[in-house]
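Engineer: When you get a sec, could you give me coordinates for this:
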Amino acid sequence: MSEVISVSTNSVDTYEIKIGKNLIKEASEFISAKFSSQKIFVIIDEKAYSNHSEYIDIGLSKDFERVIKYVVPSGETNKSLDQFSSVAHFVLQSGVERNTALLAIGGGVVGDLAGFVAASVLRGIPLIHMPTTLLAMVDSSIGGKTGINHTVGKNLLGAFYQPKAVFADIRFLKSLPKKEWVNGLSEILKYGMIEAPDIFEQLTLLTKNGKFASPKEWIPIISQSAQIKADIVSKDVKESGIREALNFGHTFAHVIENVGNYEKYSHGEAVFAGMFGAVSVSNAIGASIGLANLEQFKPLYDFNLSELSSTGKELTQLMLNDKKVKDNIIRLILLQELGDPFVKPFSETLLIEESWNALISEFS
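Structural biologist: Presented below is the predicted three-dimensional model:
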């Protein structure tokens, strides 16, 4: 069973997201036929390669004369300028040409890093995503956002660069640790909050008794989530309007990640907490949104924010480093009601500071 979703990035360019099992051979044939069979660059996450090396190597071996691999150490700290420089240098030194494809196999870190390299080398080489985590399948591999982190903030260096295709192979989910399932869960919950409340009931069944269902059972909700993002991206490729809704909870989350030096808190943990903050601000300005839809999944998460030594005021100041800031004014994605997001600028920040304090208390 597989599903195909189309993403339109302008009036003529469209690429497909294929969701299914055992897709490596199909991806290999697609790349060699459409681009070059002489060589392919594979930028791959260390853990993904350790768990699936034979599957990947055999799947790519028949269609290319050379498969040139660069293994990226796992972890958010590797989405860095140093790692970007290393990968770009490796690709350039290995004889890249403009029709040499780059296949990114991994989660959000590898996808964002490899995507930025593909956008930059020779001013752009073909990029294909093969996401290996739930989070990457439903979010980061779709839409063309690439980039790396900076000490000032998250994802501050990068480019919009669309892939030529996405192959979401659920085979990789078999080796996914619980923390990575939880990371992906946060992004799917986000889609429930901003557009499709029916997602909560589906997720309740998929996480029954605190256990994650088999990868095959996740295909429908992966497809639904990918479709939501694809539809939004098709309407707003470069995040100048409605696409900003996809950042619900993320302005809080990026600060949490940064304060934790991109090590203490995972992206999914930070987003889960960040959505509580966004709901708090929404309610403070007139909404009436209950937290039960989120709170029912809280037992699946294992983190706390009690060690955040910064005050609500200090954390709010760090939000000024967010990409959505305009004229030094913080802009948050909030909800008028469940499924109805909007952008709200804040010249006065007291409500945000109070929400930070409530958020830290909620997770302490």
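Engineer: could you list every residue that touches the spatially most central residue of the chain?
Structural biologist: In the chain, the centroid-proximal residue (CA atoms, centre = their mean) is S140; its distance is 3.0 Å. By CB atoms under 8 Å, 6 or more residues apart in numbering, the residues touching S140 are 107-108, 111-112, 131. All C-beta atoms are positioned from the backbone trio N, CA, C, and that covers glycine.
Engineer: Okay, it and K229: tell me how far apart.
Structural biologist: 10 Å (CB to CB, to the nearest Å).
Engineer: now do G111
Structural biologist: With CB to CB as the criterion, G111 and K229 are 14 Å apart.
Engineer: Could you check which of the two has the larger neighbour count?
Structural biologist: The residue with more neighbours, out of G111 and K229, is G111; 31 against 24, by other CB atoms under 10 Å.
Engineer: can you tell me the helix or strand for that one?
Structural biologist: helix 108-120 (DSSP states H and E).
Engineer: Look up the closest residue to D198, ignoring the ones flanking it.
Structural biologist: Once flanking residues are discounted, D198 sits nearest to G192: 7.7 Å by CB to CB, 6 or more residues apart in numbering.
Engineer: CA atoms of stretch 202-211 as PDB?
Structural biologist: The C-alpha coordinates for stretch 202-211 follow below in PDB (Å, rounded to 0.1, in the frame of the first residue of the first chain):
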ATOM      1  CA  GLN A 202      -6.800   9.100  15.200                       C
ATOM      2  CA  LEU A 203      -3.700   9.700  17.300                       C
ATOM      3  CA  THR A 204      -5.400   8.400  20.400                       C
ATOM      4  CA  LEU A 205      -5.900   5.100  18.700                       C
ATOM      5  CA  LEU A 206      -2.400   5.000  17.300                       C
ATOM      6  CA  THR A 207      -0.900   5.600  20.700                       C
ATOM      7  CA  LYS A 208      -3.300   3.500  22.800                       C
ATOM      8  CA  ASN A 209      -2.000   2.400  26.200                       C
ATOM      9  CA  GLY A 210       1.200   4.500  25.600                       C
ATOM     10  CA  LYS A 211       2.400   2.300  22.800                       C
END
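Engineer: Could you shift the numbering so residue one becomes 36, and keep it that way?
Structural biologist: Got it, first residue is 36 now, which makes that one stretch 237-246.
Engineer: follow-up on the earlier one: buried only: go through the contacts of S175 for me.
Structural biologist: Using 16 or more other CB atoms under 10 Å as the burial test, those include 142-143, 146-147, 166 as buried.
Engineer: between these, which is nearest N57?
Structural biologist: Among these, P166 lies closest to N57 (CB to CB), at 14.9 Å.
Engineer: so that closest one touches V201, yeah?
Structural biologist: Yes: P166 sits in contact with V201 when judged by CB atoms under 8 Å, with a separation of 7.0 Å.
Engineer: Which neighbours do those two have in common?
Structural biologist: Joint contacts of P166 and V201 (CB under 8 Å, 6+ apart) are S176.
Engineer: follow-up on the earlier one: now the helix or strand where the residue nearest to D233 lies against helix 143-155, angle please.
Structural biologist: Assigned by DSSP H and E, G227 belongs to helix 213-229. Angle, helix 213-229 to helix 143-155, by axes from the mean of the first three to the mean of the last three CA atoms, to 10 degrees: 70 degrees.
Engineer: for the stretch 86-235 of the chain, what spans make up the helices?
Structural biologist: Secondary structure of the stretch 86-235 of the chain (DSSP state H, counting those that start in this stretch): helices at 116-128, 143-155, 169-170, 213-229, 233-241.
Engineer: Out of these, which is the most enclosed?
Structural biologist: helix 169-170 (a mean of 28; mean count of other CB atoms under 10 Å).
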